[in-house]
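# take a look and give me a structure for this.
(chains A, B, C and D)
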Number of protein chains: 2
Amino acid sequence: MVFKNGSSNQVISPQQQYRMIHDIYVLLQDGDSRVLRKFDLTSSQYGLLMLLDLEKGQRLVDLSERLMLARSTITRIVDQLEKRDFVRRVPDPEDRRAQRVILTELGAERREEAHVAHEESLQRRLSMLSDDERRQLSGLLSKMRLALHADLSSIS
Amino acid sequence: MVFKNGSSNQVISPQQQYRMIHDIYVLLQDGDSRVLRKFDLTSSQYGLLMLLDLEKGQRLVDLSERLMLARSTITRIVDQLEKRDFVRRVPDPEDRRAQRVILTELGAERREEAHVAHEESLQRRLSMLSDDERRQLSGLLSKMRLALHADLSSIS
DNA sequence: CAGAAATTGTTGCGCTCGCAACAAATATAA
DNA sequence: TTATATTTGTTGCGAGCGCAACAATTTCTG
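Numbers count the residues shown, from 1 in each chain, chains lettered A, B, ... in the order given. Predicted structure coming up:
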């Protein structure tokens, strides 16, 4: 597959813009799973672990919102991580419906190992942009995310 | 979920950059499937249809590469579309292993309907960026895509 | 307060997708 | 040419995910 040179900077159609984001997402995701597979973690499992702490923990519904995954999916990811003793469910003292997910010591260790490798990989794969370009990108993406989220909320 | 204001333009970490792209992809994808559901099409089915024509057609392996989906997945999407008479498999005259997928008249009609709606939706959802910002974004994303693709190729 | 509505987490079910293995055909090597 | 390797498309299988329905709790309303 051959991509056009990035320096042309012509106006692109929404379709092209969309395709580009799609491709980048897939490419990032692919490299990601490669790295995390060494630690027997999926991207979602890793993403969930990264939101946890050793004390207060997080409710499943909050994890669901932050990861943009269905509540049922979170239930299953927590099941998997709990089986491996990376995570524990503890009852929420303030709400008897809720559970709080906390990291175990083992989970914290494994997460740290994966985190180092993931960080290093991302650093390498995203090094094509200068600090200045990264700043630009940051601004543009934030703007998009905000607007897309608002648009979505206005519909559902 | 609350996102930070996009105008701060500070340097962001690779992790944040990654999360932003992830979120935008999910948000775009979500709006997309909403629109396409009205036409009983998934994003992948739609994406595949958009690559076809009425004459020469496309080989499945080429569709696989362009959509970045596994060959087996393409087989199944073509199966689905063929059942609905949107698409036909015809033998490749130059290679007896290959099949060429072509649009039917019906498929072309349905695709056009979906295309109009999809275009309109994308236009609306991506209208938060000015032409100038779009140009910037285009350049940055192309650069990322190129580099990520190169990185991936160097590994596998 | 009582009843209705909303929220939290779980389960069943179905869909999408990738991986590995395969047969048929083609391309490459000796 | 013959033998080997590669490519094309398909299938079986399993993983990941969302939706709808549910019970247990909490919150809202009258």
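
# so the lowest-mean-pLDDT helix or strand in chain A, near DNA strand D or not?
In chain A, no helix or strand scores lower on mean pLDDT, DSSP states H and E than helix A:131-155, which sits at a mean of 87. No - in terms of C-beta under 7 Å from any atom of the strand, no part of helix A:131-155 sits within range of DNA strand D; the closest distance is 11.7 Å. C-beta coordinates here come from the backbone N, C-alpha and C atoms, glycine included.

# kindly report the same for stretch A:51-69.
Yes - applying C-beta under 7 Å from any atom of the strand, one finds that stretch A:51-69 is in contact with DNA strand D at A:Met68, A:Leu69.

# and that stretch, what's buried?
A:Leu52, A:Gly57, A:Gln58, A:Arg59, A:Leu60, A:Asp62, A:Leu63, A:Ser64, A:Arg66, A:Leu67, A:Met68, A:Leu69 (16 or more other C-beta atoms under 10 Å in any protein chain shown).

# just these that are near DNA strand C?
Within these, those near DNA strand C by C-beta under 7 Å from any atom of the strand are A:Arg59, A:Leu60, A:Asp62, A:Ser64.

# quick one, what contacts the last one?
Right, the one you point to is A:Ser64. A:Ala70, A:Arg71, A:Thr73, A:Ile74 (C-beta atoms under 8 Å, 6 or more residues apart in numbering or on different chains).

# which residues of chain A fall in strands?
Along chain A, the stretches classed as strands by DSSP state E are A:58-59, A:87-91, A:99-103.

# same list (these) but as TSV, adding mean pLDDT.
TSV is the format used below for the strands of chain A (pLDDT from 0 to 100):
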stretch	mean pLDDT
strand A:58-59	98
strand A:87-91	97
strand A:99-103	98
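
# let's have those strands in TSV, adding distance to A:Leu41.
As requested, the strands of chain A are arranged in TSV below (distance: least, C-beta to C-beta, whole Å):
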stretch	distance to A:Leu41
strand A:58-59	18
strand A:87-91	12
strand A:99-103	14
